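A.B. asks: Okay, structure incoming, though there's no sequence with it:
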């Protein structure tokens, strides 16, 4: 016999449909997260494919750390959206709230605390996307500090690291490395946020530990890498390192 749904049954079905839609929208728009299993610290991140989307899994994996007070999406839009090649770009949000954005620690205690956790989270991200080689890491300002830290302590996880306008506390001991990790740093000589001297000291610190590192000084301020020729040079450095080519300035 024909079954006529009651008012209550219709309401339940409608509610289930609405909940399903809400759950789907939340899943679609919520940020990705990666958790370090040893510390249980989680990091949110966004992922974007630039260039040929059909080659996403075969393209280089580029991991980026934004500057302090910024957001992952804004950093991608202003720094990496015009990357000259195909790549999967992952921008990780800093773990500390700062203004309308997030931040990375710049002191030795904070770098140690969050740095080891970030290394574990990046390992999870690398496993998830399963690209053919180790990722290239880049970080700006506060993210540059963390990029230097990861070079000093977890460099084996990356094929190359590009800190921009960052520094490294001298209390952080760089592990002697015999890996093929390449480090290329960029820093403006007129930087009044993180002085040029701080950036040069960080590169010298890694050199003493045996790292293969090149330092690019440009005539500009803290935000110089976002502009004009320096911006193009920064992209070219990332592109060459991602494709195992020689870096030239």
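C.D. replies: All right, it came through fine. As the structure is a prediction and not an experimental result, all values here were calculated from the model.

A.B. asks: same for the helix or strand harbouring residue 236, what does it pack against?
C.D. replies: Here residue 236, judged by DSSP states H and E, is contained in helix 228-242. Secondary-structure packing of helix 228-242 (3 or more C-beta pairs under 8 Å, 6 or more residues apart in numbering; DSSP states H and E): strand 136-140, strand 160-164, strand 182-188, strand 212-218. For the C-beta atoms, the positions are set from N, CA and C on the backbone; glycine is no exception.

A.B. asks: Show residues contacting the last one.
C.D. replies: By C-beta atoms under 8 Å, 6 or more residues apart in numbering, the residues outside strand 212-218 that reach it are 180-189, 196, 199-200, 203, 206-207, 224-225, 230, 233, 237, 247, 249.

A.B. asks: That strand pairs with which strands, parallel or anti?
C.D. replies: strand 182-188 (parallel) (DSSP bridges).

A.B. asks: The spatially most central residue of the chain: what's it in contact with?
C.D. replies: Centre of the chain computed as the mean C-alpha position; nearest residue by C-alpha atoms, centre = their mean is residue 64, 2.1 Å away. Residues in contact with residue 64 (C-beta under 8 Å, 6+ apart) are 75-76, 79-80, 89-92, 137-140, 143.

A.B. asks: Would you reformat those as CSV and include neighbour count?
C.D. replies: Compiled in CSV, those are given as follows (neighbours: other C-beta atoms under 10 Å):
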residue, neighbour count
75, 25
76, 20
79, 23
80, 20
89, 24
90, 25
91, 26
92, 28
137, 30
138, 29
139, 29
140, 29
143, 28
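
A.B. asks: Could you report the separation of the residue nearest to the centre of the chain from residue 72?
C.D. replies: 8 Å (C-beta to C-beta, to the nearest Å).

A.B. asks: what about the closest residue to residue 160 other than its chain neighbours, neighbour count?
C.D. replies: Excluding the flanking residues, the one nearest residue 160 by C-beta to C-beta, 6 or more residues apart in numbering is residue 241, at 3.9 Å. Residues contacting residue 241 under the criterion other C-beta atoms under 10 Å number 24.

A.B. asks: State the pLDDT value of residue 241.
C.D. replies: pLDDT for residue 241: 90.

A.B. asks: tell me the contacts of it?
C.D. replies: Neighbours of residue 241 in contact, by C-beta under 8 Å, 6+ apart: 136, 159-160, 162, 182, 184, 247.

A.B. asks: hmm, back to that, can you give me how far the helix holding residue 236 is from the chain middle?
C.D. replies: Centroid displacement of helix 228-242 relative to its chain, using C-alpha atoms, centre = their mean, to the nearest Å, is 16 Å.

A.B. asks: got it, and stretch 168-178?
C.D. replies: For stretch 168-178, the distance to the chain centre is 20 Å (C-alpha atoms, centre = their mean).

A.B. asks: Give me the nearest residue to residue 106, chain neighbours excluded.
C.D. replies: In this structure, residue 106 finds its nearest non-sequential neighbour in residue 145, 4.5 Å apart by C-beta to C-beta, 6+ apart.

A.B. asks: Please disregard the earlier target; I meant residue 131.
C.D. replies: That would be residue 61: by C-beta to C-beta, 6+ apart, it lies 4.1 Å from residue 131.

A.B. asks: follow-up on the earlier one: which one among the contacts of residue 64 gets closest to residue 154?
C.D. replies: Proximity of those to residue 154 (C-beta to C-beta) peaks at residue 137, which lies at 9.4 Å.

A.B. asks: mind checking pLDDT for that closest one?
C.D. replies: We have a pLDDT of 97 for residue 137.
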